[in-house]
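Engineer: this is the structure alone, sequence omitted:
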């Protein structure tokens with residue numbers, strides 16, 4: 001066993017035949033290297049199973065961390081090393097943690113006085129707390145490290161925070177746990193019922209952590225309209241993300257199998273633009289015109305909504321005034337063009353149907 005924790009086996013000639021540093025787990029110790037295509041897995045409650053997160057080193061992408069799940073692993077951090085720099089062989093080590101559920105990548109420093117001391121959480125330091133995939137869970141919106149639910153441009157609330165049921169004797173309590181994420185208020189059916197509709201609602205000023213990985217984009221799709229169409233045609237698609245350099249006809253389409261934390265605003269240190277669309281299911285409308293299963297928006301009215309109401313009032317008043325002028329014009333014309341009656345009233349009597357005719361002698 002070396003000073004830094006490397007278990008080494010030698011043969012009779014003193015050559016190394018096996019060493020633990022060649023098989024990293026969730027920690028890179030001082031002097032330990034991560035070679036290309038090797039993986040550093042986070043810890044797990046099952047000692048014999050890899051954790052939810054892993055880090056790997058590839059020549060094309062550099063050092064990157066991913067979260068595993070349904071379908072393709074999703075990258076949430078990337079570090080391209082400087083080929084001209086030299087390695088600092090000081091008393092440091094790196095650890096990929098699954099503490100809580102966020103997959104933090106931390107650097108520690110060892111000293112005789114303080115022993116191991118945390119230096120930096122690399123993902124949080126470079127990209128912010130909202131870059132961690134499970135910080136707000138599935139479909140959760142991360143805003144300044146706080147969790148909420150996404151709201152579309154139609155201001156209809158389609159999601160609510162997922163609640164956990166905890167039973168204590170006979171009393172039931174409901175706990176809201178941020179990293180458990182959000183779920184749809186209106187259930188999402190797949191395949192879609194014939195009498196209901198799936199459509200995409202846009203959520204603006206948000207981005208998705210996996211957009212930093214161009215290799216994760218849907219192949220051969222570079223147009224935003226085609227990207228949306230692919231999601232609508234795929235019943236299991238719950239959301240679609242589009243990355244571009246402000247050109248919606250030349251970008252990258254992302255359709256993740258599992259949609260995790262969405263973050264408000266752009267991703268730090270990245271200059272691309274993005275668009276986000278969630279698929280929702282619209283059932284029959286209720287008697288009051290509100291979509292069943294949704295919650296009315298209680299946010300204060302925006303200037304746009306106030307302008308729309310003012311415009312409706314102006315249009316209604318104008319139509320009522322025009323109708324009144326039209327009625328007055330018709331009545332006036334009828335009075336002016338009506339034949340006049342003689343003084344004795346005979347001509348007027350002739351105009352009344354069913355009256356007896358009079359004859360003069």
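Structural biologist: Structure's in. What do you need? Predicted model only: the values in this text are computed from it and were never measured.
Engineer: so, low pLDDT: which residues of this protein?
Structural biologist: Residues of the chain meeting the criterion pLDDT under 70: 45-48, 81-102, 110-114, 116, 163-179, 283-313, 327, 331, 333-361.
Engineer: so what are the domain limits for it?
Structural biologist: 8-127, 141-296 (automatic domain parsing).
Engineer: what's the closest of these to residue 317?
Structural biologist: Evaluated over the domains of the chain, closeness to residue 317 peaks at domain 141-296, with 23.2 Å, by Cβ to Cβ. Any C-beta I mention is one placed from the backbone N, CA and C, and that applies to glycine too.
Engineer: can you point me to the longest strand in the chain?
Structural biologist: strand 273-282 (DSSP state E).
Engineer: which elements pack onto that strand?
Structural biologist: strand 197-203, strand 206-208, helix 224-233, strand 239-244 (3 or more Cβ pairs under 8 Å, 6 or more residues apart in numbering; DSSP states H and E).
Engineer: which one of the ones you listed lies nearest to residue 16?
Structural biologist: Comparing the helices and strands packed on strand 273-282 by Cβ to Cβ, strand 206-208 comes nearest, at 44.6 Å.
Engineer: name every strand pairing with that closest one and say which way it goes.
Structural biologist: Based on DSSP bridges, the pairing partners of strand 206-208 within the sheet are strand 262-264 (antiparallel).
Engineer: hang on, the earlier thing: save the domains of the chain as CSV, and put in distance to residue 329 and mean neighbour count too.
Structural biologist: Shown next, in CSV, are the domains of the chain (distance: least, Cβ to Cβ, whole Å; neighbours: other Cβ atoms under 10 Å):
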stretch, distance to residue 329, mean neighbour count
domain 8-127, 69, 14
domain 141-296, 36, 16
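Engineer: can you lay out those as TSV showing distance to residue 325?
Structural biologist: Output for the domains of the chain, formatted as TSV (distance: least, Cβ to Cβ, whole Å):
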stretch	distance to residue 325
domain 8-127	64
domain 141-296	32
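Engineer: so what's residue 259 up against?
Structural biologist: With contact taken as Cβ atoms under 8 Å, 6 or more residues apart in numbering, residue 259 is in contact with 138, 139, 208, 238, 239.
Engineer: ok, for it, nearest residue in space, not its chain neighbours?
Structural biologist: residue 239 (4.7 Å; Cβ to Cβ, 6 or more residues apart in numbering).
Engineer: repeat that for residue 208.
Structural biologist: residue 241 (4.7 Å).
Engineer: specify the beta-bridge partners of that neighbour.
Structural biologist: With DSSP bridges as the rule, residue 241 is bridged to residue 254, residue 276.
Engineer: contact partners for it?
Structural biologist: 207, 208, 210, 211, 253, 254, 255, 256, 274, 275, 276, 277.
Engineer: how near is it to residue 279?
Structural biologist: Plainly put, residue 241 is 12 Å away from residue 279 if you go by Cβ to Cβ, to the nearest Å.
Engineer: cool, and residue 206?
Structural biologist: Separation of residue 206 from residue 279 (Cβ to Cβ) stands at 15 Å.
Engineer: kindly report the same for residue 263.
Structural biologist: 19 Å.
Engineer: for residue 104, same thing?
Structural biologist: Taking Cβ to Cβ, one finds residue 104 at 31 Å from residue 279.
Engineer: for residue 32, same thing?
Structural biologist: 45 Å.
Engineer: kindly report the same for residue 186.
Structural biologist: Applying Cβ to Cβ to residue 186 and residue 279 gives a distance of 11 Å.
Engineer: same question, residue 244
Structural biologist: 20 Å.
Engineer: helices along the protein, start to end?
Structural biologist: Taking DSSP state H to define them, one finds helices in the chain at 122-127, 224-233, 303-337, 346-350.
Engineer: tell me what the first one is packed against?
Structural biologist: It refers to helix 122-127. Under the contact definition 3+ Cβ pairs under 8 Å, 6+ apart, helix 122-127 sits against strand 74-79, strand 105-111.
Engineer: JSON lines for those, including distance to residue 232?
Structural biologist: Shown next, in JSON lines, are the helices and strands packed on helix 122-127 (distance: least, Cβ to Cβ, whole Å):
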{"stretch": "strand 74-79", "distance to residue 232": "22"}
{"stretch": "strand 105-111", "distance to residue 232": "36"}
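Engineer: nearest to residue 200, out of these?
Structural biologist: strand 74-79 (20.6 Å).
Engineer: show residues contacting that closest one.
Structural biologist: 61-67, 103, 105, 122-123, 126-127, 131-133, 209-210, 212-213, 216, 256, 258, 260.
Engineer: cool, stretch 245-255 as well?
Structural biologist: 208, 210-211, 214, 216-218, 221-227, 230-231, 234, 237, 239-244, 271-273, 275.
Engineer: out of the helices and strands packed on helix 122-127, which is closest to residue 154?
Structural biologist: Comparing the helices and strands packed on helix 122-127 by Cβ to Cβ, strand 74-79 comes nearest, at 27.8 Å.
Engineer: strands paired with the closest one, and their directions?
Structural biologist: Assessed with DSSP bridges, strand 74-79 is paired to strand 62-67 (antiparallel).
Engineer: the partner strand to strand 105-111, inter-axis angle?
Structural biologist: 110 degrees (axes from the mean of the first three to the mean of the last three Cα atoms, to 10 degrees).
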